[in-house]
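**Student:** Dropping the sequence and predicted coords here.
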Amino acid sequence: MLPKIEAFFMKEMKEKTGRLAILSLFLLVPFYPFRIFFLFLLCTHMLGWDVQHKRYSSLMALPYMPKQLFWLSYLFLVVISVETQLIGAALGAGVFNMGWAPLGIHLLGSLLFVTSYYGISMLAVTFGLDHFAIPLLVFIVDLTLGGIGFTTNNPYSLISPVHQKSLPLAIIPAVALLLGSAYLFEKKGAYK
């Protein structure tokens, strides 16, 4: 399986070099709310982008099953997110004297965010909708609904992928979105 992962990562790096370089540069900024927007852009430019731009058939020519493509793309997204988070935290600690304390919470928050929005993007393309517009609409609604009132008065902010007021509770919808989109992508296939 390791050669397949390596081959997929090399393919993604070769095809998406410019986008990944620019997004990774912005993801190095250690300010977490700033990172969220660029993590969103990264999520929408993975496999969902390939499906939307008619590159799915060329991906299927490779020796990968749809299930493997889904999970390899998710793994690639997680690796990029974690690497930029760690490098950004090192820059924040070394250059800006921000310390290492928030790294764990922000790393888990980033993983929950990319898990949720990768799932949303893949659900959108599975049903033939736009890979960017639908997740953007969900992002705006999520940002708005999670920001209404105080945490005690707004239970949605506890599970919101953006606000994540309770990390243990935010894991549930993130994993449900990811597993649901994986199941539907495998069973229904990509909208071509």
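**Tutor:** Ah, there it is.

**Student:** Please make it C-alpha for all contacts and neighbour counts, starting now.
**Tutor:** Fine.

**Student:** Run through the helices of the protein in chain order.
**Tutor:** Remark: helices assigned in the chain by DSSP state H are 2-15, 17-27, 32-44, 47-52, 56-60, 66-94, 103-126, 133-146, 156-159, 167-188.

**Student:** rank the ones you listed by pLDDT, which is bottom?
**Tutor:** Ranked on mean pLDDT, the bottom entry among the helices of the chain is helix 56-60, at a mean of 72.

**Student:** ok so, going back, please tabulate the helices of the chain in a markdown table, including the columns mean neighbour count.
**Tutor:** Formatted as a markdown table, the helices of the chain follow (neighbours: other C-alpha atoms under 10 Å):
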| stretch | mean neighbour count |
| --- | --- |
| helix 2-15 | 13 |
| helix 17-27 | 16 |
| helix 32-44 | 20 |
| helix 47-52 | 22 |
| helix 56-60 | 14 |
| helix 66-94 | 18 |
| helix 103-126 | 23 |
| helix 133-146 | 16 |
| helix 156-159 | 21 |
| helix 167-188 | 17 |
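
**Student:** Could you pull up the contacting residues of the residue nearest the centre of the chain?
**Tutor:** For the chain, the residue nearest the mean C-alpha position is residue 114 (2.6 Å; C-alpha atoms, centre = their mean). Residues counted as contacts of residue 114 (C-alpha atoms under 8 Å, 6 or more residues apart in numbering) are 39-40, 43, 77-78.
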